[in-house]
Every structure is written in structure tokens, then in C-alpha cells.
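Colleague: Quick one, what's the 3D model for this:
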Amino acid sequence: MLCFLAPLLLLASPLGLSQAQAELSMETPTPIVRSGEAVSLDFILHNPNGHLIAGYQVQWDWNSDGLEMIAAPTTLSSSVLVDLFAANAPPFGPGWTNCPDAGDGLGTEGGLALSVALSTNNQFSGGTGHLFQVPFLARQAISQDPLEFSFDGFSLCINQASILADAAGNSIPLTLTPTEVEITPNLSVTGNFQLGGNLDFEIHDQVGLPWTIGYGFIPTNRNLGSMGILFYDAFASSSGIVGNGVMATESEITSIGIPQLPGLVGRTVYVQALTGVGSARRLSNLVEFTIL
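Modeller: Predicted coordinates:
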């Protein structure tokens, strides 16, 4: 299907640029999602000048280390320009032999979706229209930084970029607006990493959830199922607790001092947070630092 549609959209040559500006944006229902929860990514067309749009092609990217695509991209009952919708978004698609990095399941991944209206009646000239949706599942946080959904990261590699085409086959000047999502619980550390120094551990998660921050000196990689991966040996005699409490806000900071023990110099410390109760307990990303 993609091979059939691509030549139609290639008619939208930059040589015939329309004067009407449009915007393609990505949106999620919430900017924050907890590990193990689903989050949908919606592609929205903003057409303030009411240009007659006959088709589109969208190339987008996401971080598969933190977000797992759990189903193929799909249109909704409210979507526009749905006559010939097709998508290639590994693992829901074959990928590209000339661009294996876009679908190898490691780091940043890429997807491509396109559609063409088969009749004038099905072309779109409204102000705002929904194009398609991609469902994701939030994995364990990999850092405190939000993960970005972006456009055209693989466009040169797969030789397909995001475009809108009008009824005459002209490319419409297009603004691309990405979005991002933060996965919780997540953890960060700042401070003075020398003996006697003070460290601030900041944890993000939902208000009301109990939290515990633990540390250890022995790295590991223990899969605890829905809780996530435990990255240090929490049961070693040298391991301990930084602090615990209940999330009074979506961001809590607890501080600790590094003991004046010369034997700690050069040791690497591994720290994680655990939040929630029962089956909703989740582990944060790992933070690590070396005592100077």
C-alpha cells in the first residue's frame, strides 16, 4: 500500500509551494505518564487558511527505550483524509532495508504514515482535523528528562519527509510541532560528590504515592516484572536507604550528606527510587555517581 501511495504524494513538489500555511502537531492526553501506563500520540492538522488538502505524509520518531509502540498506527472515526491510509512503523511494518536504524528496536525509532483523499468530497478544508493515532506503553523511566516525539529524524535516511499536498499537487508550507512526555517515577541527583558533600535527590511521581530511595555499591540487572529493572543489589549488607515518605507534590527532594570515610573515595554509588503500593509499585531510572 505504501508503494502505491508514495507516488501520489511525490506530486507535492516544493517547486509549486502554496501560499497557505498549515501546522502539523503531535499531542498526548497528558504530559506525564506513569511507567506501565498507556499513552496515545495523536497527529493533528491545523489549517487556519482553509486550504483544500488532498493528502499527507508524516515521518515521526520516538525513543523506544522509554516508549513501546503497542499497536499499529490507526485512524479514528473522527479522523480526516482516511480513504487510503497506510503506515510503516516497525514492529508494525517491514521497516526500510536502506535505513535499518529506523526499525531495529534500539534507541530512537521511526515511523511513516500517509493517506490520500480519493475524491474532492473527501478532501479537507476545515480549521482543525485529526489525522491518525499511535498507541504507546510507557516503559521504566530512563532519566528525569521528558522523552520527545519528533518529526523527520529519519527523513533523509528513508528518503521520505513530512508533507501536505493540496488538490493541485502542490506542497503546502508546513510548520511541524513536536511534543514530549515525562515518564514517572524518575529520579535525579545534584550536589557535591566529595566526602562531606551534600546531595539532593529529586523524585517525580503522582501526589499521594509512598516513595523510598535506596542505594548500593554493587550493580546488577534484576527484572522484577511490572515493577521494572532493579539496577543495584538492594540486599547487600553495604546497601541502604536514602529516605522515604509520601509524595506531597509531584516533585519531592530529600537530602543526604556523604560520610567522611576515606574508604568511600572512588566508589560508585547506584541509586533508585521505588514508588506506589501493591501491584502499582514502580522503580525509577538508575542514577549513579562516583565519590571523589
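
Colleague: Identify the residue nearest the residue of the chain most remote from its centre in space, chain neighbours excluded?
Modeller: Here the centre of the chain is the reference, and by Cα atoms, centre = their mean the most remote residue is P262, at 41.7 Å. Closest residue to P262 apart from its sequence neighbours, by Cβ to Cβ, 6 or more residues apart in numbering: L195 at 7.3 Å. Placement of C-beta: from N, CA and C, glycine included.

Colleague: which ones are touching that neighbour?
Modeller: By Cβ atoms under 8 Å, 6 or more residues apart in numbering, L195 lies in contact with 258-262, 264-265, 291-292.

Colleague: Just confirm it is within a helix.
Modeller: No - counting by DSSP: H, G, I helix; E, B strand; the rest coil, L195 falls outside a helix, being coil.

Colleague: ok, so what distance separates it from V265?
Modeller: 7 Å (Cβ to Cβ, to the nearest Å).

Colleague: again with S115
Modeller: Separation of S115 from V265 (Cβ to Cβ) stands at 61 Å.

Colleague: Of the two, which one has the most company?
Modeller: For S115 versus V265, the count of surrounding residues by other Cβ atoms under 10 Å is larger for S115: 26 against 12.

Colleague: Surely that one and L84 touch.
Modeller: Yes - using Cβ atoms under 8 Å, S115 makes contact with L84 at a distance of 5.7 Å.

Colleague: ok, how many other residues are close to S188?
Modeller: If you count neighbours by other Cβ under 10 Å, S188 ends up with 17.

Colleague: That one: what's its closest spatial neighbour, skipping adjacent residues?
Modeller: Per Cβ to Cβ, 6+ apart, closest to S188 is Q144, 4.3 Å.

Colleague: Pop out the phi and psi values for that neighbour.
Modeller: Dihedral pair for Q144: phi -80, psi -10, per degrees, to the nearest 10.

Colleague: Likewise for L24?
Modeller: phi -120, psi 120.

Colleague: ok, what's across the strand from it?
Modeller: In this structure, L24 bridges to L45, L176 when assessed by DSSP bridges.
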